[in-house]
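Engineer: Sharing a model prediction with you, sequence too.
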Amino acid sequence: MRLMVKLPFKGKNFKNKDRDSESKPSSSLKERVKRYREKLKSDPKLKKKFEKLKQKLKAENELYRQKVKELRKNNSKYDAEIKAKARLRQKKHRKAAALKTEAAENAMLGKESTMVEAGEITPMDYWLVRLAFNLLGYATIFVPGYMMIRYLRKIRYDETAGPGFFQQLAKLCVFGKENEHQVDTGSQAKKGDSGGFSESAGLLVFCFLGLQGSYLTWGLLQERIMTFEYGETANGQGEKFKNSTFLVFINRILAFMIGVIVLFLKQQPPHTAPLFKYSFSSFSNIMSSWFQYEALKFVSFPTQVLAKASKVIPVMLMGKVVSKRTYEYHEYLTALMISFGVGVFLMTSQDVTHDSGRTTTISGVIMLVGYMSFDSFTSNWQGELFRKYKMSSIQMMVGVNMFSCMLTSVALIEQGGFVECVAFMFTHPTFVVHAVILSICSACGQLFIFYTIEKFGAVTFTIIMTLRQAFAIMLSCIFYGHPLTLLGIVGVLIVFIALFLRIYANQRARAVKLAREAAERSSANV
Ligand SMILES: Nc1ncnc2c1ncn2[C@@H]1O[C@H](COP(=O)(O)OS(=O)(=O)O)[C@@H](OP(=O)(O)O)[C@H]1O
């Protein structure tokens, strides 16, 4: 209102004049004040009352001022506490990431020591050499295995194998029971598609919660193990466990053992797949982990997080290659929306952006492409095996982990870290407890991974794992009081809209398919 009036004064003078004119009481008010003052002078009772009121007001004012001061003090104390906690967490996060990278590097280099000679460049400092060294290690299993499979197939060993244990094992490895049971080679609906909507929605929620629960706990435990100082005393420092390959190895052993126990306790469908087919997904799973750790050395953390958030698209493309699958436009669109939404959410989080020190190099991009290719192959290949051989998720878990145990133990033995790790276990029993709990989480996670892929396929599984990253950040926002930004909330909204669209479009497609099938049946009956 005041701004609309054409003002006669400008700048400082105007302000004073304006204030003067505003504070200048009108003449009637002036008179009223004068009258009141006179009344106050003449009426002692009123004067006393006025003084009392003045005192009260003063006291109240003082109290209020003190309260404001106290609140301000508390506020800044809380602020400082929150900031300190966030700083501590960021520091821990950075330390854990550095340790993980260092442990992976040491494992790849075959070193248990954290001391990498300064200035001295060895061939092992090149990732291509490390990759070749690794592949050579795995080749000691794959090359003889491949030659044996070729030979046994050539001589048609399945027709001549005797009843002995090893003969039958060799037959199972190379031929499975492909001829004894019908193997489905045509397209078939996933089990999650059969049954009613509420049934499959319930199953999906079950898989979602199981995966989130297992892998969120697993992530926290992994960070704890890599940063914990074992054997720490009051006057001396403890030692940290640094070999992540060994952790993966014991995870796989426990998953294998749990799988075998469940296999015997729960009735399973007849197993027809040749065992060697599990080795492909074990290999790709191990390679994807290797590329993921290696990538940390060449790309910034936000880049890696973004790449992981966009995993759904490569998984769909790999599905076209491995299973000749076709996808609807809405599936591509919603996959893009999920990747974009999760990406935006993650990129606005303090937990991700604080660690952007390292720049992304060409090698880093190659690592990320390697990670995504192997990772998307793993789940698609498992989905394809489920479709073709209809094994149970437990049979898949046992098969995959059997080969994973073999491959990781070969890597450990060749790199020389195995003995040190076993010695570490004997010296620090607490580490054994931590490692067993971590492995139990990992095994539970695997039960859910294979069950989800069996029931819903590789793409749904990858979407759930992508959402896991956003959940982890959201939990850290809740626990550590990090604020959510507006852009972050928009990202979450995009994800929700995409998920809703996906479910809606899938339901519609299912209804159309069922109607078409019913029409075909009725026309066939006529
Ligand atoms: N398809 C499939 N089969 C078996 N195991 C699998 C599969 N997908 C993911 N994993 C294991 O899950 C662990 C987390 O993997 P990621 O870090 O790639 O997960 S995420 O998608 O980025 O959230 C990680 O475990 P570790 O290897 O023990 O670290 C993966 O190996």
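Structural biologist: Happy to help now that I have it. Numbers count the residues shown, from 1 in each chain.

Engineer: pLDDT weak spots in the stretch 201-350 of the chain?
Structural biologist: 234-236, 350 (pLDDT under 70).

Engineer: in it, which spans are helices?
Structural biologist: Using DSSP state H, counting those that start in this stretch, the helices of the stretch 201-350 of the chain run over 244-265, 278-298, 301-309, 312-322, 329-347, 350-353.

Engineer: what would those look like in CSV with distance to F500?
Structural biologist: No exception for glycine: its C-beta is placed from N, CA and C like everyone else's. Rendered in CSV, the data for the helices of the stretch 201-350 of the chain read as follows (distance: least, CB to CB, whole Å):
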stretch, distance to F500
helix 244-265, 34
helix 278-298, 30
helix 301-309, 19
helix 312-322, 16
helix 329-347, 9
helix 350-353, 26
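
Engineer: Put together a markdown table for those helices, with distance to R508 and mean neighbour count on each row.
Structural biologist: Below are these laid out as a markdown table (distance: least, CB to CB, whole Å; neighbours: other CB atoms under 10 Å):
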| stretch | distance to R508 | mean neighbour count |
| --- | --- | --- |
| helix 244-265 | 37 | 20 |
| helix 278-298 | 33 | 22 |
| helix 301-309 | 27 | 21 |
| helix 312-322 | 20 | 19 |
| helix 329-347 | 9 | 20 |
| helix 350-353 | 36 | 18 |
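
Engineer: Distance to the ligand added to those, as JSON lines?
Structural biologist: What follows is the helices of the stretch 201-350 of the chain, written out as JSON lines (distance: least, CB to the nearest ligand atom, whole Å):
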{"stretch": "helix 244-265", "distance to the ligand": "5"}
{"stretch": "helix 278-298", "distance to the ligand": "4"}
{"stretch": "helix 301-309", "distance to the ligand": "5"}
{"stretch": "helix 312-322", "distance to the ligand": "10"}
{"stretch": "helix 329-347", "distance to the ligand": "11"}
{"stretch": "helix 350-353", "distance to the ligand": "13"}
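
Engineer: Skipping its backbone neighbours, what lies nearest F276 in space?
Structural biologist: Excluding the flanking residues, the one nearest F276 by CB to CB, 6 or more residues apart in numbering is C173, at 5.5 Å.

Engineer: name the helices or strands packed onto the strand or helix carrying that neighbour?
Structural biologist: Per DSSP states H and E, C173 falls inside helix 165-174. Counting contacts by 3 or more CB pairs under 8 Å, 6 or more residues apart in numbering; DSSP states H and E, helix 165-174 is packed against helix 127-154, helix 157-160.

Engineer: List the contacts of S404.
Structural biologist: 248, 252, 256, 282, 285-286 (CB atoms under 8 Å, 6 or more residues apart in numbering).

Engineer: switch the cut-off to 7 Å
Structural biologist: S404 makes contact with 252, 282, 285-286 under the criterion CB atoms under 7 Å, 6 or more residues apart in numbering.

Engineer: I'd assumed it was in a helix, is it?
Structural biologist: Yes. Applying DSSP: H, G, I helix; E, B strand; the rest coil, one finds S404 inside a helix.

Engineer: got the residues of this structure near the ligand?
Structural biologist: 248, 251, 285, 289, 308, 375, 378-379, 382, 442, 446, 449, 465, 468-469 (CB under 6 Å from any ligand atom).

Engineer: tell me the two of these that are most distant?
Structural biologist: By the measure CB to CB, Q382 and Q469 form the most distant pair in the residues of the chain next to the ligand, at 21.0 Å.

Engineer: Could you give the number of residues near the spatially closest residue to N243 that is not a sequence neighbour?
Structural biologist: Leaving aside its chain neighbours, N243 sits nearest to G417 (4.9 Å; criterion: CB to CB, 6+ apart). Residues near G417, counting by other CB atoms under 10 Å, number 24.

Engineer: Over to P274?
Structural biologist: The number of residues near P274, taken as other CB under 10 Å, comes to 20.

Engineer: Next one: it from F340, what distance?
Structural biologist: 41 Å (CB to CB, to the nearest Å).

Engineer: Low-confidence ranges, the stretch 351-500 of the chain, go.
Structural biologist: In the stretch 351-500 of the chain, residues with pLDDT under 70: 351-360, 480.

Engineer: Mind telling me which residue of it is nearest the ligand?
Structural biologist: M465 (3.4 Å; CB to the nearest ligand atom).

Engineer: so which helix or strand takes in that residue?
Structural biologist: helix 429-480.

Engineer: who are the neighbours in contact with the residue most central in space within the chain?
Structural biologist: Compute the mean C-alpha point of the chain, and by CA atoms, centre = their mean the closest residue is Q469, 3.4 Å away. By CB under 7 Å, 6+ apart, the residues touching Q469 are 305, 308-309, 342, 346.
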